[in-house]
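Chemist: My questions concern the predicted model and sequence given below.
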Amino acid sequence: MKLGTMVSLGENVVEKIKDVKKFGLESFQLCCWNFDFMTDEYVEKVLSATKETGLEISAVWCGWSGEAQWNFARGYNTLGIVPTYFRAQRISELKKGSDFAKKLGVEDFITHMGFLPENPDTDEFRAVVIAIRDIAEYCKANGQYLLFETGQETPITLKRTILEVGTGNLGINLDPANLLLYGKANPCDAVDIFGDYVRGVHGKDGEYPTDPKYLGEEKKIGDGRANFPVLIRKLKEHGYNGSITIEREIDGDKQIEDILYAKKFLEDIING
């Protein structure tokens, strides 16, 4: 397994890629939320920086525009393509992101789909499946896998949705912290359910929620409930040998400190 981290697409993207090399990591997921930067100019900048550093772009993580409330009070109505108000706009944006990833030569394309409906026998579930199938077929034509970022649904709901969409190019970006933060599953148990679909992994940790309105707390890796020794063992049993992308959703020197800590923490487990 390789270790990497997140890099945001923006004016300083080249410096951020070079920082990944300084950290001693081998890969990065390119995170894209601002569509103004999805241009040929930035394709060249990113490709030039990866050639200079020898780093691999393990995936493109694509966001979408509009209101986004990362909580239980408004999350159901604002996140991903599940909310009907944002659906058409975000499908179009994700297709643009897929085209951008194709220009970068990246095969894995990730997003948060939103709070996937739990009940399959509803018009809401069927409509979401049709929307995901539309995006997935577009990615398939671009030679890509469409990956679901975990967290906002139970593992069996995610697996059910993948099977129902049925395009053959769907996968999972396993974020163990998100499964905890949203109160949806123990990450190690989740691998037992959908492990064969995992094509990307975030090195991130956290706690279950205790306030009904808000997500649980993200933690420095090792300080939360994600049991990485067991998680990595189970991933290996399912044949996973890709990147573990360290993600720490804070800013400043403490973020860098925790990324470097996570690098050593994960290396000891992988090589142990």
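Modeler: Happy to help now that I have it.

Chemist: what about Leu116, distance to Ser243?
Modeler: Separation of Leu116 from Ser243 (CB to CB, to the nearest Å): 25 Å. C-beta: built from backbone N, CA, C; applies to glycine.

Chemist: where along the stretch 51-200 of the chain do the helices fall?
Modeler: Shown for the stretch 51-200 of the chain, the helices assigned by DSSP state H, counting those that start in this stretch span residues 75-78, 84-104, 123-141, 155-165, 176-181, 187-194.

Chemist: Out of those, which is closest to Gln29?
Modeler: With CB to CB as the measure, helix 84-104 is the member of the helices of the stretch 51-200 of the chain nearest Gln29 (10.9 Å).

Chemist: Dump that closest one to PDB, restricted to CA.
Modeler: Presented in PDB, the C-alpha positions along helix 84-104 are these (Å, rounded to 0.1, in the frame of the first residue of the first chain):
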ATOM      1  CA  THR A  84     -33.900  17.200  -5.900                       C
ATOM      2  CA  TYR A  85     -33.400  21.000  -5.900                       C
ATOM      3  CA  PHE A  86     -29.700  20.600  -6.600                       C
ATOM      4  CA  ARG A  87     -29.700  17.400  -8.600                       C
ATOM      5  CA  ALA A  88     -29.600  18.500 -12.200                       C
ATOM      6  CA  GLN A  89     -27.000  21.200 -11.500                       C
ATOM      7  CA  ARG A  90     -24.700  18.800  -9.600                       C
ATOM      8  CA  ILE A  91     -25.000  16.000 -12.200                       C
ATOM      9  CA  SER A  92     -23.800  18.500 -14.800                       C
ATOM     10  CA  GLU A  93     -20.900  19.600 -12.500                       C
ATOM     11  CA  LEU A  94     -19.800  16.100 -11.800                       C
ATOM     12  CA  LYS A  95     -19.700  15.300 -15.500                       C
ATOM     13  CA  LYS A  96     -17.400  18.400 -15.900                       C
ATOM     14  CA  GLY A  97     -15.300  17.000 -13.100                       C
ATOM     15  CA  SER A  98     -15.100  13.700 -14.800                       C
ATOM     16  CA  ASP A  99     -13.800  15.300 -18.000                       C
ATOM     17  CA  PHE A 100     -11.200  17.200 -16.000                       C
ATOM     18  CA  ALA A 101     -10.100  13.900 -14.400                       C
ATOM     19  CA  LYS A 102      -9.900  12.300 -17.800                       C
ATOM     20  CA  LYS A 103      -7.500  15.000 -19.000                       C
ATOM     21  CA  LEU A 104      -5.300  14.300 -16.000                       C
END
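
Chemist: contacts for stretch 24-38?
Modeler: Contacts with stretch 24-38, where a contact means CB atoms under 8 Å, 6 or more residues apart in numbering, come from 2-11, 13, 17, 20, 46, 55-65, 93, 96-97, 100, 104, 106, 110, 200, 243, 245-246, 263.

Chemist: PyMOL command to pick out the buried ones of these?
Modeler: Selecting only the buried entries of these in PyMOL, with 16 or more other CB atoms under 10 Å as the criterion:
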select buried, resi 3+4+5+6+7+9+13+17+20+46+55+56+57+58+59+60+61+62+63+64+93+97+100+106+110+200+243+245+246+263
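
Chemist: Give me the most central residue, this structure.
Modeler: Nearest to the geometric centre of the chain sits Glu149, at 4.2 Å (CA atoms, centre = their mean).

Chemist: residues in contact with that one?
Modeler: Going by CB under 8 Å, 6+ apart, Glu149 touches 61, 110-113, 173, 175, 178.

Chemist: again, 7 Å this time
Modeler: Listed by CB atoms under 7 Å, 6 or more residues apart in numbering, the contact set of Glu149 reads 110-112, 173, 175, 178.

Chemist: Closest to Arg225 out of those?
Modeler: Nearest to Arg225 among the contacts of Glu149: Asn178, at 12.2 Å, using CB to CB.
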